[in-house]
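> With the sequence up front, the predicted model follows.
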Amino acid sequence: MFKNQGTMDVSVLPQVLQWKQGGAGVEDLEPEVRSPVDEVFDQFLKGNTIFKNRDVLRHDYVPEKLPHREEEIRTLASILAPALKGQKCSNVFIYGKTGTGKTAVARYVLDKLTAKARQIGAPVVACYINCRMAGTEYRILASLCEALGVKVPFTGLAKAEVLERFKKALIGREFVFIIMLDEVDVLVKAHGDALLYELTRLNPELKGSKICLIGISNDLTFKEHLDPRVLSSLSEEEMVFKPYNASQLRDILWDRAREAFVDGAVSEAVIGLCAALSAQEHGDARRALDLLRVAGEIAEREGARKVEVEHVRKAVKCIEYDRIVEAIRSLPLHAKLILLAVYEKTKKVSSVITGEIYAAYSAICSRMGLTPLTQRRISSIINELDMMGLLNAQLVNMGRYGRTKKIRLAVQRSIVREILTQEGLT
Ligand SMILES: Nc1ncnc2c1ncn2[C@@H]1O[C@H](COP(=O)(O)OP(=O)(O)OP(=O)(O)O)[C@@H](O)[C@H]1O
Ligand SMILES: [Mg+2]
């Protein structure tokens with residue numbers, strides 16, 4: 001719908017707006033004059049009063065400037081700089097909460113480094129891999145091979161064979177190979193740290209080439225899952241990215257807003273609110289940018305000429321709604337059934353205890369011809385749903401009956417009903 005927005009002849013715009021302001025609004029035209037095509041065009045023209053280039057607000061857009069990360073950029077650049085002289089650089093472990101700019105900074109520095117290396121003819125090869133996207137150790141190794149120009153079939157080879165091909169591509173060469181493993185915790189949680197172990201120990205075998213590893217994670221407890229040898233090797237250098245505060249988020253948003261929106265479409269009040277709301281959570285720049293983009297889209301859809309504070313408030317609800325929908329949809333079946341049990345049991349009361357939920361859940365299972373999971377498993381699913389913010393479970397003392405949990409829905413009932421109905425569970 002917006003793809004060709006940039007190709008529109010903007011010279012038409014002032015006339016249309018003037019004509020609208022003159023009293024004969026689009027809505028006032030005679031029905032026979034307005035065709036569906038006119039409606040599309042009018043909407044299109046209206047839309048352009050908000051966004052100049054909405055792509056600037058996309059998650060994968062790497063801006064030319066990253067305000068309030070100058071120090072981190074300099075630190076990472078100085079750790080990687082020896083690569084330009086063909087020297088081995090330290091492995092780095094970068095961590096910090098979600099949306100603190102880890103990926104943006106790492107990619108930014110890597111792009112600059114490879115550009116510089118090309119310019120001076122330094123033998124630097126870099127490979128950025130998002131471990132969540134890659135999914136398996138095989139795919140990660142295959143990407144490493146591809147970065148060195150070695151083709152590997154999509155599947156089919158043994159992991160050891162791919163590792164061999166990778167080593168072969170490096171042995172006897174003079175490459176400094178920089179491997180950036182983003183969201184590395186996802187790899188370790190799914191497949192353990194065997195691949196990291198291999199990669200951290202390869203250097204002595206390479207006779208000439210050197211590998212430098214950069215691991216990135218937003219899971220601060222992830223280090224506990226690593227073998228101490230892998231951990232000490234991976235974190236020769238450590239960088240911690242702190243959450244942004246409201247004023248830093250404001251600067252980040254303004255930088256993007258100037259490129260994304262037409263002049264005057266956003267105000268200090270709008271930017272300030274997006275920044276304040278995101279700082280209250282955990283200083284997440286992604287959330288702040290999402291809020292601003294969704295607020296802009298709502299304003300555009302409403303045909304407004306400017307983004308207002310009210311649009312930001314609507315965006316909060318809209319994003320929260322999407323988050324809940326996404327979270328519920330991706331639950332495994334039995335977790336959905338627990339949610340359904342809580343939904344059914346809290347129709348008349350605000351909260352229920354674990355035993356009642358288990359009974360209701362078992363009844364749902366027998367209604368559907370399924371074997372219920374054990375009560376112990378159900379307790380742990382309830383804890384997970386609590387952590388996800390879908391349920392609220394509070395431990396209460398029942399006197400001589402011991403302790404139990406009082407559980408209630410932590411999200412709007414109507415949303416839970418809507419999604420479980422769509423999934424054919426109610
Ligand atoms: N200092 C900054 N200036 C401009 N944009 C930024 C800055 N920091 C983060 N962003 C933007 O915020 C969004 C989130 O940043 P990024 O993806 O780097 O977060 P992250 O720390 O990698 O989060 P996660 O742990 O969830 O992967 C991106 O769109 C990024 O461009
Ligand atoms: Mg990231």
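Sure thing, it's come through. Ligands and ions are numbered 1, 2, ... in the order given.
> Ramachandran angles for Lys88?
Taking degrees, to the nearest 10, you get phi -70, psi 140 for the backbone angles of Lys88.
> now Ala126
phi -130, psi 150.
> partners of it in the sheet?
Ile178 (DSSP bridges).
> residues in contact with it?
Counting by C-beta atoms under 8 Å, 6 or more residues apart in numbering, Ala126 touches Leu110, Leu113, Thr114, Ala147, Phe177, Ile178, Ile179, Met180. (C-beta placed from N, C-alpha, C; glycine too.)
> From those residues, list the ones also adjacent to ligand 1.
Filtering the contacts of Ala126 for neighbours of ligand 1 using C-beta under 6 Å from any ligand atom leaves an empty set.
> State the phi and psi torsions of the closest residue to ligand 1 within the stretch 301-426 of the chain.
Residue nearest to ligand 1 within the stretch 301-426 of the chain (C-beta to the nearest ligand atom): Arg323, separated by 13.9 Å. The phi/psi pair for Arg323 (degrees, to the nearest 10) reads phi -60, psi -40.
> how near is it to Pro204?
47 Å (C-beta to C-beta, to the nearest Å).
> swap in Arg286?
Applying C-beta to C-beta to Arg286 and Pro204 gives a distance of 40 Å.
> who has more neighbours, the two?
The neighbour comparison of Arg286 against Pro204 (other C-beta atoms under 10 Å) goes to Arg286, with 15 against 6.
> Where does the more buried one fall, secondary structure wise?
helix 285-301 (DSSP states H and E).
> which parts of that helix are buried?
285, 287-300 (16 or more other C-beta atoms under 10 Å).
> nearest to ligand 1, of the residues you listed?
Ala285 (3.5 Å).
> hang on, the earlier thing: the buried residues of helix 285-301 also near ligand 1: which ones?
Answer for those near ligand 1 (C-beta under 6 Å from any ligand atom): Ala285, Leu289.
> From the buried residues of helix 285-301, which shows the smallest pLDDT?
Within those, Glu300 has the lowest pLDDT, namely 89.
> I'd say that residue and Ile50 touch.
Yes. If you go by C-beta atoms under 8 Å, Glu300 and Ile50 touch, sitting 4.5 Å apart.
> mind listing the helices for the stretch 101-250 of the chain?
All helices of the stretch 101-250 of the chain, identified by DSSP state H, counting those that start in this stretch, fall at 102-120, 131-134, 137-147, 159-170, 184-191, 194-201, 228-234, 246-260.
> okay if I get those helices as a markdown table plus distance to Tyr358?
Below are the helices of the stretch 101-250 of the chain laid out as a markdown table (distance: least, C-beta to C-beta, whole Å):
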| stretch | distance to Tyr358 |
| --- | --- |
| helix 102-120 | 41 |
| helix 131-134 | 34 |
| helix 137-147 | 39 |
| helix 159-170 | 42 |
| helix 184-191 | 29 |
| helix 194-201 | 39 |
| helix 228-234 | 40 |
| helix 246-260 | 44 |
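> And these: which comes nearest Ala81?
For the helices of the stretch 101-250 of the chain, proximity to Ala81 was assessed by C-beta to C-beta; helix 102-120 is nearest, at 8.0 Å.
> buried set for the closest one?
Lys102, Thr103, Ala104, Val105, Ala106, Arg107, Tyr108, Val109, Leu110, Leu113, Thr114, Ala117.
> Give me every residue in the stretch 1-150 of the chain lying close to ligand 1.
Close to ligand 1, as judged by C-beta under 6 Å from any ligand atom, the stretch 1-150 of the chain has residues 59, 63, 66-69, 96, 98-104.
> can you tell me how far the residue lying closest to Val176 once chain neighbours are set aside sits from Arg313?
Nearest residue to Val176 in three dimensions, chain neighbours excluded: Ala83, at 4.1 Å (C-beta to C-beta, 6 or more residues apart in numbering). According to C-beta to C-beta, Ala83 and Arg313 sit 48 Å apart.
> Which one of these two is surrounded by more residues?
Comparing Ala83 with Arg313 by neighbour count (other C-beta under 10 Å), the higher total belongs to Ala83, at 25 against 14.
> Spit out the contact partners of the residue of the stretch 301-426 of the chain closest to ligand 1.
For Arg323, counting by C-beta under 8 Å, 6+ apart, there are no contacting residues.
> Count the residues that sit near Val309.
Val309, neighbours per other C-beta under 10 Å, totals 14.
> What does the pLDDT read for it?
In this prediction, Val309 has a pLDDT value of 96.
> if I pick it, what's in contact with it?
Val309 neighbours (C-beta under 8 Å, 6+ apart): Ala269, Val270, Leu273.
> Could you name the stretch from the helices of the stretch 101-250 of the chain that's closest to Arg417?
The nearest among these, by C-beta to C-beta, is helix 131-134 at 31.2 Å.
> helices and strands around the closest one, which ones?
Contacts defined by 3 or more C-beta pairs under 8 Å, 6 or more residues apart in numbering; DSSP states H and E place helix 131-134 against helix 137-147, strand 176-182, helix 184-191.
> Mind doing that once more with 7 Å?
Here helix 131-134 touches helix 137-147, helix 184-191, going by 3 or more C-beta pairs under 7 Å, 6 or more residues apart in numbering; DSSP states H and E.
> the inter-axis angle of the shortest one versus helix 137-147?
Which is helix 184-191. 130 degrees (axes from the mean of the first three to the mean of the last three C-alpha atoms, to 10 degrees).
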